[in-house]
Structure formats: structure tokens, C-alpha cells
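> how would this look folded up:
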Amino acid sequence: MVDEGALAILTAAGSGTRLGRDLPKALVDLAGFPLVVHAARRLAASGVVDSLVVTCPAGLDSAVRDVVAQDPHVDVPVRVVEGGGTRQASVAAGLALAGPDDDVVLVHDAARPLAPPRLVRRVVDAVRAGHGAVVPGLPVTDTVKRVAPASAGGGPDVERVVETPDRAVLRAVQTPQGFDRALLQRAHAQGAGRATAEGSAATDDAGLVEALGEPAYVVTGEEAAMKITTERDLQVAALLLEEKS
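Numbering: from 1, shown residues only. A predicted model of the protein is given here:
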């Protein structure tokens, strides 16, 4: 693969409901700056991202553009596009802005604001080494149980265990996930039709690639790339920033 350019799609269209906020999660403050700004700064600091597309909730494109594009630490071109009703639709909206010179596309969640620049480089390097779909992941340390559907009996608060997978071969995946642009476009094109037919959307872009029958690969993730979902997660992220200051 000849090095051309890397586009990062930063998904920031989700709500902050589980954080107990009345504003989108990406705009929630962390140590004086919105989550989306922290994430954008680290993508830019990697040195391997050439441009950035941020997906945002409807009606907030100007607000998101103001905080991201005007941040002095985000020194790459920034475009903002309104996202869709699902994560898959939001990524597709960002992917529509990819150009022929974008040989690598990263998909990153603003809800993982502290993913280090070295992780971004690790993912891009793996894609450019010939791996068309790359996800960062960490070993699973807890024992995991696969359970039967609720309809299989057991009661409202009791679930029947079907299997205990070997955790040695399990990984908890993170973002940014990296892709060969043409492969990701093909995966989204097929995935859009499947979402319409089945009434459900993918929560993971690598899963769309896997549905094509194409392989995905895992590189070593980072603890700092944790996802912020609850107030406790936000407090942990603040502590991580304090430790580095």
C-alpha cells in the first residue's frame, strides 16, 4: 500500500444520558475541555492523521466546529457533519467525505478521549503493513459466561449459562479502529442494506468488515483508551489526566 493520507472519523453524535447530562456526551467537560476536543487533540498529535471529520448531533455542527477546529492543538483540517440515528449511520456520514487520497480511514469514538497518540500510530502502521481492518484490544481479565436468551427460562433475574469461553483468546476492543478506505466503504455499503432488512445496525465497524468474509486483526490496546459511559468513568479519566500533569 502506497502512503497517501489518513482520514480520522471522530464520532461525537451520541447523547450524554447515562452521564446524567443535558448535553451530548462529546461536549461534556473533562478537565476544562470537552471530550471531543481531548480526542481530536490526540488524533492530531499522532502525526499520522491528515484530516479529521467529526460527526455531531443534529443542529450542533457550528458548536462542535467552534470547539474542535479552533483548538490550537488540533492542527489538521477539520470538517463537521451531522450524524445519523445510529453509530453506523454516523460513521457512514463521515465516510462519505473521504476522498480518493485517503488510503487509510480511522474510526474513533469521542467517548474514548484519552486514547494515546502512540495507539493511533500503531493502528495506522498495521493498516499500512497490509492489514485491511485493524482494531486495538486488551486481554479479557474476567471470566466470561455466554448465556441463553431470556426466553430460554431461568426467571427475570436468572440467566442460564451456555458456555464459558476461553478468555485467553478473547479481547476487549477499543478505538480508533483503522481500515483500508475501499474495504470500509464496501463494508458500509453492504451493511446499510443489511441494517435496513434486519432493522438493526452494527456497533463496531470491524464487524461490518467481518460480515464481508474479510479478516480483521487486533493490535495491542491501551488502558488509557477507556470508554467514558458513566460518571465514575469521567472521574477515572480526570484522575488519569492529573497523574500525567
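> Only C-alpha atoms from now on, for both contacts and neighbour counts.
Noted.
> Skip ahead from the worst-scoring helix or strand of the chain on mean pLDDT and say which helix or strand is next.
Lowest on mean pLDDT, DSSP states H and E among the helices and strands of the chain sits helix 181-198, with a mean of 81. Where DSSP states H and E defines the elements, the next helix or strand beyond helix 181-198 is helix 205-211.
> For that next one, name the packing helices and strands.
strand 133-139, helix 181-198 (3 or more C-alpha pairs under 8 Å, 6 or more residues apart in numbering; DSSP states H and E).
> Please name whichever of the ones you listed is nearest to residue 50.
helix 181-198 (14.0 Å; C-alpha to C-alpha).
> In contact with residue 97, which residues?
Residue 97 is in contact with residue 53, counting by C-alpha atoms under 8 Å, 6 or more residues apart in numbering.
> do you know how far residue 161 is from residue 39?
Noted for residue 161: a distance of 38 Å to residue 39, by C-alpha to C-alpha, to the nearest Å.
> So if I had to pick from those two, which one is more boxed in?
Between residue 161 and residue 39, residue 39 has the larger neighbour count (other C-alpha atoms under 10 Å), namely 27 against 12.
> what's the closest non-adjacent residue to the more buried one?
Closest residue to residue 39 apart from its sequence neighbours, by C-alpha to C-alpha, 6 or more residues apart in numbering: residue 113 at 4.1 Å.
> Can you tell me the element the one you found falls in?
For residue 113, there is no enclosing helix or strand under DSSP H and E.
> what's the spacing between it and residue 46?
Applying C-alpha to C-alpha, the value for residue 113 to residue 46 is 14 Å.
> before we move on, what about residue 75?
In this view, residue 75 and residue 46 are 11 Å apart by C-alpha to C-alpha.
> ok, back up a step: neighbour count for residue 113 and residue 46, which is higher?
residue 113 (26 against 17).
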